[in-house]
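# Quick one, fold the following:
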Amino acid sequence: MPSAPAESYVDKARRAIRGPADVVLLVRMTAWCVTFRVLKHVLPIESLVALARFGITVPDVRPQARMKDREARVVTLCRWVARFTRVSNRGPCLERSLIVHRYLAALGAHPTLVIGVATGESATNPLRGHAWVVVDGEAVDETPQSLAGFHAVVEFEADGHRVSA
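Numbering: from 1, shown residues only. Next up is the predicted model:
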């Protein structure tokens, strides 16, 4: 029995982008991604988090009133933006995590941005860094394998305050 053809990017986009507001969100995320891609080389992480928080207020939303579907779309759209604006072999995890943290905070999800390190694979690469977002105690858009070996070094709450890991 032949398998079903793989879903194209256009089909995925049609399913995930639900209207003009999502198109505007994609454009804004793209601008943030490019901005963070440049600024991460010259600004400390605290400044990047503060910039990501620019213009965002964290609403006081009860957990049952959160828009889980909208949160999932934000994460999906951000993953696409980070993947398609990538200009090097280095991962886009910091940019993606800063943007997800920004927009999930605006939705009242109370995300935590986590920066972690793990030992590298070789003497020339002694440490690896990774950034991810946690909501409700679960890493967003990550697998246990992608976080294996990483230890949190610093965390930032939804309001941008730094917390020791």
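# what bridges to the closest residue to L147 other than its chain neighbours?
Counting by C-beta to C-beta, 6 or more residues apart in numbering, L147 lies nearest to A139, which is 6.0 Å off, once chain neighbours are set aside. Any C-beta I mention is one placed from the backbone N, CA and C, and that applies to glycine too. Legend: beta-bridge partners of A139 under DSSP bridges are V134.
# Summarise which helices and strands the helix ranked longest in the chain is packed against.
Taking DSSP state H as the criterion, the chain has its longest helix at helix 20-39. Judged by 3 or more C-beta pairs under 8 Å, 6 or more residues apart in numbering; DSSP states H and E, helix 20-39 is in contact with helix 45-52, helix 68-84, helix 93-106.
# what inclination does that helix have with respect to helix 93-106?
Interaxial angle, helix 20-39 versus helix 93-106 (axes from the mean of the first three to the mean of the last three C-alpha atoms, to 10 degrees): 140 degrees.
# Sort out which residues of helix 20-39 are buried, please.
Buried residues in helix 20-39, counted by 16 or more other C-beta atoms under 10 Å: D22, L25, L26, M29, T30, W32, C33, T35, F36, R37.
# Distance to A72 and pLDDT for those - can I get that in CSV?
Supplementary listing: these in CSV, determined by distance: C-beta to C-beta, whole Å; pLDDT from 0 to 100:
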residue, distance to A72, pLDDT
D22, 12, 85
L25, 13, 89
L26, 15, 88
M29, 15, 92
T30, 19, 92
W32, 19, 93
C33, 19, 91
T35, 24, 93
F36, 22, 93
R37, 24, 90
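# Show me which of those residues is closest to S164.
When the buried residues of helix 20-39 are ranked by distance to S164 (C-beta to C-beta), F36 comes first, at 23.3 Å.
# Need the nearest residue in space to that closest one, chain neighbours excluded.
In space, F36 comes closest to E95 once its chain neighbours are excluded; the distance is 4.2 Å by C-beta to C-beta, 6+ apart.
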